[in-house]
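Student: Got a sequence here, can you model it:
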Amino acid sequence: MARRIRKNKAFKFKPFSPKQLKLLNFWREGSPWHEADIMIADGSIRSGKTIACICSFLQWSQVNFNGESFILAGKTMGALKRNVIKPMLQILTAWGWNYNYNRSENFIEIGTNTYFMYGANTEASQDALQGLTAAGAYADEAALFPRSFVDQMIGRCSVDGAKIFLNCNPEGPHHYIKEEFIDKAKEKNIYHLHFTMDDNLTLSKKVKDRYKRMFTGVFFKRFILGLWVAADGLIYQLFADNPKDYIIDDEWLKEHPIIMGTIGVDFGGTKSAHAFTFTGFTQGYRHVVTLKEYYKKKRLSPAQLEADFVDFVKHIQSKYKCYEAYCDSAEQTLISGLEAAVIRAGIPIELKNAIKGPINDRIAFYNSMMSQGRYKIHNSCTHTIRALEEAVYDEKKPTKDVRLDDGQMNIDSLDAMEYSTEYIQDDILYINVA
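Tutor: Below you'll find the model as predicted:
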């Protein structure tokens, strides 16, 4: 078994806020909430809830149990390792606790307890939990989990004294976490703690102000105020109100040179279009720029699609550094055809599956770039410009954030645009370019 014993950099603790201390100690004897079955920490981004939740979960599980199994769950295994496991190992190092981390089998042994790691990105994810008897669970970004996984996770925690720790940012007001857990907290013996950035004492006013400038509209209400509110109306309100603030020409590019870029590919169907988008980045990812588009809303043979893609890539590579394309993973046969075509043409580009994460994250990224003045689009990209001006939420699906796709709206250009940046959007979003 691959073993790793206290080799991580130690976490540098800062003073905890009163809200974080409540989360850290709610389970201890003497607390009015020590018998709660579920703890939910929700609220704004960068509010300090994740670190406090990890610390609380580790201490609670080690103080109260020996030789038991626990669940650590994230939206994906990659997100779990990045957002939870990495700081968790640093925390354990700071505390001087020995641990064995089995990377290949995805579990951590701390003392006599074992913590099993799970991704929760599909309905089928719940199957991995079946048969497990657990004494507790920690769920990060729980609002992004399928309901089936959360129900199965709770059902697996059948050891006496088990507790569920849920950590999340808000979604819509009809989300099951809001309606079935938070709104029913008293009757279901749930301890609910709502966090804002003021509950994170490590953030200066300057930093908090910067985060507040990053989001507008529904995303400001959710990510900054921490409210469970509905998404409705125009998706890119800032762009629709003032498109001239974002549309650029060749003169702008001379003053802001593109360092490199990537291509996003969305494949068409019966009512949708084939779309390719090239997105460029200026130095230090200061700007995200939609530079070139391809849009064909008609039936194409695989050979014609491959020829058009080869031409598109050749044109891009004649001007810019571009060696990756992120393609709609639902069409593996078409991707294979494009791969074969670029190889025959001697074009050095790697085709990868698009991540296709939560639509809310992708939309929030571009809204944030617009709010910060960091998104631009070349005036030749007329289909994408119109798509950004017209995109709206589907009012017939109030329980989810869904773009209206009625066969008339162009969501294909938007999907391709998002695929080209999704792999790096979190890194770009939180770069301090002030």
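Student: now what about the lowest-mean-pLDDT helix or strand in the chain, what contacts it?
Tutor: In the chain, no helix or strand scores lower on mean pLDDT, DSSP states H and E than helix 217-219, which sits at a mean of 88. Helix 217-219 is contacted by residues 229, 230, 231, 232, 237, 363, 364, 367, 368 when judged by CB atoms under 8 Å, 6 or more residues apart in numbering. (Each C-beta comes from the backbone N, C-alpha and C, glycine too.)
Student: In terms of secondary structure, what does the helix or strand just after that helix contact?
Tutor: As assigned by DSSP states H and E, the chain's next helix or strand after helix 217-219 is helix 237-241. Helix 237-241 sits against helix 359-371, helix 382-390, with contacts defined as 3 or more CB pairs under 8 Å, 6 or more residues apart in numbering; DSSP states H and E.
Student: Check the offset of helix 237-241 from the chain's centre.
Tutor: Its chain's C-alpha centre and that of helix 237-241 lie 23 Å apart, by CA atoms, centre = their mean, to the nearest Å.
Student: do the same with stretch 240-258
Tutor: 27 Å.
Student: Mind listing what's buried along it?
Tutor: For stretch 240-258, the neighbour count (16 or more other CB atoms under 10 Å) marks 243, 246, 247, 248, 253, 258 as buried.
Student: Could you tell me which of those residues belong to helices?
Tutor: Among the buried residues of stretch 240-258, the ones falling in helices (DSSP state H) are residue 253.
Student: Between the buried residues of stretch 240-258, which sits nearest residue 190?
Tutor: Lowest distance from residue 190 to these (CB to CB) belongs to residue 246, with 43.2 Å.
Student: Nearest residue to the residue nearest the centre of the chain in space, please, no chain neighbours.
Tutor: By CA atoms, centre = their mean, the chain has its centre lying nearest to residue 361, at 5.2 Å. Spatially, and ignoring its direct neighbours in sequence, residue 361 is nearest to residue 425 (7.3 Å; CB to CB, 6 or more residues apart in numbering).
Student: pLDDT weak spots in the stretch 301-434 of the chain?
Tutor: Low-confidence segments of the stretch 301-434 of the chain, defined by pLDDT under 70: 398-399, 433-434.
Student: Strands of that one, start to end?
Tutor: 322-327, 350-353, 375-378 (DSSP state E, counting those that start in this stretch).
Student: for those strands, which one sits closest to residue 158?
Tutor: Among the strands of the stretch 301-434 of the chain, strand 350-353 sits nearest to residue 158 (CB to CB), with 37.1 Å.
Student: So in that sheet, which strands flank the closest one, and in what orientation?
Tutor: strand 322-327 (parallel) (DSSP bridges).
Student: quick one on the thing from earlier: reformat the strands of the stretch 301-434 of the chain as JSON lines; add mean neighbour count and distance to residue 268.
Tutor: Output for these, formatted as JSON lines (neighbours: other CB atoms under 10 Å; distance: least, CB to CB, whole Å):
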{"stretch": "strand 322-327", "mean neighbour count": "21", "distance to residue 268": "13"}
{"stretch": "strand 350-353", "mean neighbour count": "14", "distance to residue 268": "17"}
{"stretch": "strand 375-378", "mean neighbour count": "22", "distance to residue 268": "21"}
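Student: Would you mind putting these into TSV with distance to residue 130 alongside?
Tutor: TSV is the format used below for the strands of the stretch 301-434 of the chain (distance: least, CB to CB, whole Å):
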stretch	distance to residue 130
strand 322-327	33
strand 350-353	27
strand 375-378	44
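Student: most tightly surrounded among the helices and strands packed on helix 237-241?
Tutor: helix 359-371 (a mean of 21; mean count of other CB atoms under 10 Å).
Student: and that one with helix 382-390, angle?
Tutor: Angle between the axes of helix 359-371 and helix 382-390 is 100 degrees (criterion: axes from the mean of the first three to the mean of the last three CA atoms, to 10 degrees).
Student: For helix 359-371, give me every contacting residue.
Tutor: 171, 213-217, 219, 223, 231, 235-236, 238-239, 246, 288, 375, 401-403, 417-418, 421-422, 425, 428-429.
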